[in-house]
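S.K.: sequence first, then the predicted structure:
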Amino acid sequence: MSIVNQIKPLVIKTLGELYGQAFNETGITISSTKPEFEGDYTLVLFSFVKQLKKSPEQLGNEIGEALVKSNPDLFSGYNVIKGFLNLTVTDHFWTAVLQSNYANTKFGFKPANGQKVMVEYSSPNTNKPLHLGHLRNNFLGWSVAQMLKESGYEVIKSCIVNDRGIHICKSMIAWQLFADGATPQSTHTKGDHFVGEYYVKFNDEYKRQTEELIAGGMKKEEAEKEAPIMKATQQMLLDWEAGNPAVMELWKKMNGWVYAGFDVTYKRIGSDFAKMYYESETYLPGKKFVEEGLKQGVFFKKEDGSIWIDLTAEGLDEKLVLRKDGTSVYITQDLGLAQQKYEEFNYNQSIYVIADEQNYHMKVLKLILQKLGKPYADGIYHLSYGMVELPTGRMKSREGTVVDADDMIEEMVNVARKKTEELGKVKDFTETELMELYDTIALGAIKFFLLRVDPKKKMIFNPEESIDFHGFTGPFVQYTHARIKSILRKQTAGKQLHPASPLLKLEKDLIVSLEQYPVIIEQAVAEHNPSVLAIYAFSLAKSFNTFYTELSVMNAETEEKKELRLQIAEMTANVIASSMSLLGIKVPERM
RNA sequence: GGUCCGGUAGCUCAGUUGAAUAGAGCAAUUGCCUUCUAAGCAAUAGGUCAUUGGUUUGAAUCCAAUCCGGAUCACCA
C-alpha cells in the first residue's frame, strides 16, 4: 500500500482520539511537501478549523505531536507553517521501501483480477498509408492496453479495418485510369504508399475535371456531382456492393498491397492485434440488429422506409440507423460490431480509441445500446483523443499535407544514427546492434513525443523543429537508463542495508519518487492517460541525473553508502524500464 | 444557431476532485567534461493563468457572463 494511503487512516484515527469527532477520507488532503519546506508529506489543516474551532497552528501541533508519538517507525518529526502540517517520514521507513523493492521488476504491477477488456485501436482506412495522427492512435491504444494488462486485466486488442466504401473506390478508379498496370513490385514502392499515391491522383484529377466543368458554365455543386471520375467511382461502389467479380478482384488486389505495407509499419512500431475485424464483413450483421431494435420499439420507421431512433429526450437529435433502401450507415455497422465483439469475447469493458471528432457518434452508439438494454452498453468507453495538427492547421491526406509515418520514422532513425556516430560511445557495436539501437532511440523519441501530452488535448507538431533528443524526451529517459546500466555492469547491489543509516536529501528524493510509482500507474489507468507515466518517467530520470552528478556510487564514502546507492540505481533503472515499457518504449543498455 | 472541447512564459506542454511564492522542456544568456556515459548538471531571464464579476479562510482550478480558437450536429466512413 502506498504511503499516502497509509497516512490517511492514521490521521483519521488521530483526529478521532484527540477530538472525538469522525472525519471521512474525502475531507483530508495529503500531498507531497513542497521542496522549499522541510518534510515529506503535508496535511492541509484549514478544513478542520471550522469544525474543531481551533487555530490551524494549534491543530497542527496537536495532530503532529500525536502522530509522531504513536507512529515512531513512520514519522520522525513535524513542523507547522501557516495552515500546513509537514510530516517527515523516517529514513528507516524509506530504507525498508528500497530494500524490499529494488530488485522487483514487477513493482507496481498487479495480479489478474478476472476482468476482461477489449481495446480497439488503429482502425485504418485501406486507401492510404499511416500518418502521424494514426501513430498517436496506435501508441495510445497499445499503451493503454499494456497498462491495463499489467494492472491485472485480461486485454484483447482489436482493430476494425475500414476496407470498403467510396474512399477505397477512389484509389481503385485512379489506378485503373493512370497506373497502366503498375504494381508496388514493378515500382519498388511500399504497398500502402503505392495505393495512397492513386488516392492523391484521384483528387488531382477530380479537381481538374470539376474546374473544367465550372469553366464551362456549370455551378460548383453540380460540377462536383457530374465530374466523370466521381460518377465512375460511385458506379464502382455499386458494382462492389453487387459483387461484380472484376471489381472484387481489383479490390482484393489493392487491399492486399495495402495490408502488406501496413504489416511492415505495424511490426516496426510494435502494434499488434489479437483480433482483426473487416468492415466488409461486419457491415451486414448490423441490419439484423436494427430489426431487433425495431421490434423492441426503440427504433421507428418513417414513411419512406428509413429507420431512426429518437434521441431528443437525451438532448440529441433523431438519428438515422438504416437507409430507406435498406443499406447500412456507419452507426449500423458499429452497433452490429459491438454485439459481435460481445458475443465472441464476453468483455466487461470495451475501449474505443478514436479521435475526438467522433465524440458525438460514440455518444450516440453507447446511448442506443443502453436503450436497447444491452448488458455490455455501460462498459463502453470512448478514449477520445485530439488531432495532431501542423502549425499550418489540420493534416489532410487529400491535399498531401500529412506527415507520413514511415517517412517520419526513417528521418528519426537518421537523426539517431548521426547523433550516435558523433558521440562515438558504441563504436564496438555490430551493425545489427547499431540498427537496433537507432530504432530504439527513434521510436522512443516519437512515441514519447506523442504520449507525453494529455490524450484528450489536440497537439501541434512542428516539422521544422522536429523532435528533440534533449530535455523532456524519450531519449533523455533512455539515456538515464543507459547511464545507470553502465554503473551496474561494474557492480550490482545485493547486500542487506543497515536500517538506521541516515539518508542524504538526494538519496531520499529518489526513494520518495520511486515509492510513488504504483500510485502513478493506478492514476494512468484510471484516467486512460499514458502521459501521466511519461511525465513521471521524465521527472524520475531528471532526479537521478541530479543525484548522479552530485554523488558517486562506485566511490561512495562508505561501503554502506555504496550499497545504498547501488540499490537506488538499480530500482531507478527498473522503474524507468517498467514505466517506459508501459508506453511501448524500449530502453537500451548503452547509448 | 444547439452541443462539446480548449485559451497558462516567445514556442510546446504540466498543474484544473480548491491550498504555501503558478512549474517543466525548447529557444536566449552564463558556468561545469584529468573524476561511475556532457543525449548530462547548475544558474539567469521570461507570467494580468483570455476578460469581467461572483462563491470561499484560500481560485489557474468552482459558478455566471463575455471574447477568441476548434470539433460536431450527413441517408460520408
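M.R.: Thanks, I have the structure now.
S.K.: bridged to the nearest residue to A:V453 once chain neighbours are set aside, which residues?
M.R.: Spatially, and ignoring its direct neighbours in sequence, A:V453 is nearest to A:M459 (4.8 Å; CB to CB, 6 or more residues apart in numbering). All C-beta atoms are positioned from the backbone trio N, CA, C, and that covers glycine. Taking DSSP bridges as the rule, A:M459 bridges to A:V388.
S.K.: can you report how many residues lie near A:M459?
M.R.: Counted with other CB atoms under 10 Å, the burial measure for A:M459 works out to 17 neighbours.
S.K.: how much space separates it from RNA strand B?
M.R.: In this structure, A:M459 lies at 3 Å from RNA strand B, with CB to the nearest atom of the strand, to the nearest Å as the measure.
S.K.: tell me who's in contact with that residue.
M.R.: Listed by CB atoms under 8 Å, 6 or more residues apart in numbering, the contact partners of A:M459 are A:136, A:386, A:388-389, A:450, A:453.
S.K.: spatially, what comes nearest to A:Q516 if we skip its sequence neighbours?
M.R.: Closest residue in space to A:Q516, ignoring its immediate chain neighbours: A:S2 at 7.1 Å, by CB to CB, 6+ apart.
S.K.: what's the neighbour count on whatever residue of the stretch 1-150 of chain A ends up closest to RNA strand B?
M.R.: For the stretch 1-150 of chain A, the residue closest to RNA strand B is A:F46, as judged by CB to the nearest atom of the strand, at 2.9 Å. For A:F46, the count of nearby residues is 12 (other CB under 10 Å).
S.K.: off-centre distance for the helix or strand of chain A with the lowest mean pLDDT?
M.R.: Per-element confidence for chain A was summarised using mean pLDDT, DSSP states H and E. The lowest value among helices and strands belongs to strand A:393-394, with a mean of 82. The chain centroid and the centroid of strand A:393-394 are separated by 22 Å, computed with CA atoms, centre = their mean, to the nearest Å.
S.K.: could you do stretch A:462-476 as well?
M.R.: 18 Å.
S.K.: other residues contacting that stretch?
M.R.: In this structure, residues lying in contact with stretch A:462-476 by CB under 8 Å, 6+ apart are A:390-391, A:403, A:411-412, A:415-416, A:419, A:441, A:444-449, A:452, A:538, A:541, A:580, A:585, A:591.
S.K.: which of those count as buried?
M.R.: Among the contacts of stretch A:462-476, those that count as buried by neighbour count (16 or more other CB atoms under 10 Å) are A:390, A:403, A:411-412, A:415-416, A:441, A:444-449, A:452, A:538, A:541, A:580, A:585, A:591.
S.K.: so which of those residues sit within helices?
M.R.: Using DSSP state H, the members of the buried ones among the contacts of stretch A:462-476 that fall within helices are A:411-412, A:415-416, A:441, A:444-449, A:538, A:541, A:580.
S.K.: pretty sure A:Y548 sits against A:R483.
M.R.: Yes. Between A:Y548 and A:R483 there is a contact under CB atoms under 8 Å: 6.5 Å.
S.K.: and the helices in the stretch 351-500 of chain A?
M.R.: Under the criterion DSSP state H, counting those that start in this stretch, the stretch 351-500 of chain A contains helices at A:359-371, A:405-423, A:431-451, A:474-490.
S.K.: now those helices as a markdown table including distance to RNA strand B and mean pLDDT?
M.R.: A markdown table is the format used below for the helices of the stretch 351-500 of chain A (distance: least, CB to the nearest atom of the strand, whole Å; pLDDT from 0 to 100):
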| stretch | distance to RNA strand B | mean pLDDT |
| --- | --- | --- |
| helix A:359-371 | 3 | 93 |
| helix A:405-423 | 4 | 95 |
| helix A:431-451 | 5 | 97 |
| helix A:474-490 | 3 | 97 |
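S.K.: could you dump those to TSV with distance to A:V329?
M.R.: Shown next, in TSV, are those (distance: least, CB to CB, whole Å):
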stretch	distance to A:V329
helix A:359-371	11
helix A:405-423	29
helix A:431-451	31
helix A:474-490	41
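S.K.: can you list the residues of the stretch 1-150 of chain A near RNA strand B?
M.R.: The stretch 1-150 of chain A comes close to RNA strand B at residues A:29, A:33-34, A:36-37, A:39, A:42, A:44, A:46-47, A:81-84, A:86, A:125, as judged by CB under 7 Å from any atom of the strand.
S.K.: buried ones from these, can you make that a ChimeraX selection?
M.R.: ChimeraX command restricting these to the buried ones, with burial defined by 16+ other CB under 10 Å:
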select /A:33,39,42,83,84,86,125
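S.K.: in strands, which of the residues of the stretch 1-150 of chain A next to RNA strand B fall?
M.R.: Among these, the ones falling in strands (DSSP state E) are A:42, A:44, A:81, A:84, A:86.
S.K.: find the nearest non-adjacent residue to the fourth one, please.
M.R.: It refers to A:F84. Nearest-residue entry for A:F84: A:T42, 5.2 Å, with adjacent residues in sequence omitted and distances by CB to CB, 6+ apart.
S.K.: contacts only, for that neighbour.
M.R.: By CB under 8 Å, 6+ apart, A:T42 lies in contact with A:30-34, A:84-87.
S.K.: in stretch A:268-276, which residues are buried?
M.R.: For stretch A:268-276, a neighbour-count test (16+ other CB under 10 Å) marks A:269, A:271, A:273 as buried.
S.K.: now the second one: closest residue in space, sequence neighbours ignored.
M.R.: Taking CB to CB, 6+ apart, and ignoring the residues beside it in sequence, A:S271 has A:N138 as its nearest neighbour in space, at 4.8 Å.
S.K.: isn't A:R483 up against A:T549?
M.R.: No. The pair A:R483 and A:T549 does not pass the contact test of CB under 8 Å, sitting 10.6 Å apart.
S.K.: of these two, who's got more company?
M.R.: When neighbours are counted by other CB under 10 Å, A:R483 comes out ahead of the other of A:R483 and A:T549, with 19 against 9.
S.K.: contacting residues for that one?
M.R.: Under the criterion of CB under 8 Å, 6+ apart, the contact partners of A:R483 comprise A:544-545, A:548.
S.K.: what's the answer for A:G77, then?
M.R.: Contacts of A:G77 were listed using CB under 8 Å, 6+ apart, and they are A:68, A:87-88.
S.K.: by neighbours, which of these wins?
M.R.: Neighbour max across those (other CB under 10 Å) = A:L87, 25 neighbours.
S.K.: whichever residue of the stretch 201-350 of chain A sits closest to RNA strand B and A:D509, how far apart?
M.R.: Using CB to the nearest atom of the strand, the closest approach of the stretch 201-350 of chain A to RNA strand B is made by A:Y330 at 3.2 Å. Remark: distance between A:Y330 and A:D509 (CB to CB, to the nearest Å) = 52 Å.
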